[in-house]
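Undergrad: for reference, the sequence and a predicted model appear below.
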Amino acid sequence: MDHDDPRRSLEREALRVLKSIDFNLHDPVVSAKLDQILTALQSLGDKLMATLADIQNDVASESTVIDGVVTLLGELSTQLAAAIAANDPAALQAIVTSIDANKAKLAAAVAANTPAAPAGNPSPPPVTP
């Protein structure tokens, strides 16, 4: 199996399955149907690869956001340690204000990017054997 190109692997598997079916490949109707099936499989493979790329991009974007939050927390910790060491109440209050502002921005971003919960108690999808 070709792990480098899943689309090619899917195409090869589809052709293997189609070739294992015993029928006359010289029949123009059968040949046309096979071409339609292969085109549909290729299209599906393209859509799956696009979806995979979208997921990979989303994960990379989330990693960037997470790294930003980690950096922010590290900077706040450093500022807090410095303000405590200097026994500076104004600096401590500035850090508290900064934490509150960042907390509000983070909460708003999470709320804006969280899908709404479905209304009610939806039934689970039926199980098919």
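TA: Yep, that arrived.

Undergrad: element containing L72?
TA: helix 28-86 (DSSP states H and E).

Undergrad: roughly how far is that helix from the heart of the chain?
TA: 4 Å (C-alpha atoms, centre = their mean, to the nearest Å).

Undergrad: from A40, how far off is the residue located most distally from the centre of the chain?
TA: In the chain, counting by C-alpha atoms, centre = their mean, N87 sits farthest out from the average C-alpha position, at 45.6 Å. To A40, N87 is 72 Å away according to C-beta to C-beta, to the nearest Å. The way it works is simple: take the backbone N, C-alpha and C, and place the C-beta from them, glycine included.

Undergrad: same check, this time on A107
TA: Counting by C-beta to C-beta, the gap from A107 to A40 is 45 Å.

Undergrad: give me phi/psi at the residue farthest from the centre of the chain?
TA: Phi and psi for N87, reported as degrees, to the nearest 10, are phi 50, psi 50.

Undergrad: most centrally placed residue in the protein?
TA: Residue closest to the chain centre, computed by C-alpha atoms, centre = their mean, is I55 at 2.9 Å.

Undergrad: let me know the pLDDT of it.
TA: With respect to pLDDT, I55 scores 84.

Undergrad: returning to that earlier point: list the contacts of the residue farthest from the centre of the chain.
TA: Listed by C-beta atoms under 8 Å, 6 or more residues apart in numbering, the contact set of N87 is empty.

Undergrad: what angle sits between the helix or strand that the helix holding L72 is followed by and helix 28-86?
TA: Sequence-wise, the next helix or strand downstream of helix 28-86 (DSSP H and E) is helix 89-112. Calculated by axes from the mean of the first three to the mean of the last three C-alpha atoms, to 10 degrees, helix 89-112 forms an angle of 170 degrees with helix 28-86.

Undergrad: for V70, see how far away M49 is.
TA: For M49 relative to V70 (C-beta to C-beta), the value is 31 Å.

Undergrad: same drill for the two, tell me which one is more crowded.
TA: M49 (14 against 10; other C-beta atoms under 10 Å).

Undergrad: and for the spatially closest residue to that one that is not a sequence neighbour, the neighbour number?
TA: Spatial nearest neighbour of M49, chain neighbours left out: R7 (5.8 Å); criterion: C-beta to C-beta, 6 or more residues apart in numbering. Look at R7: counted by other C-beta under 10 Å, it has 15 neighbours.
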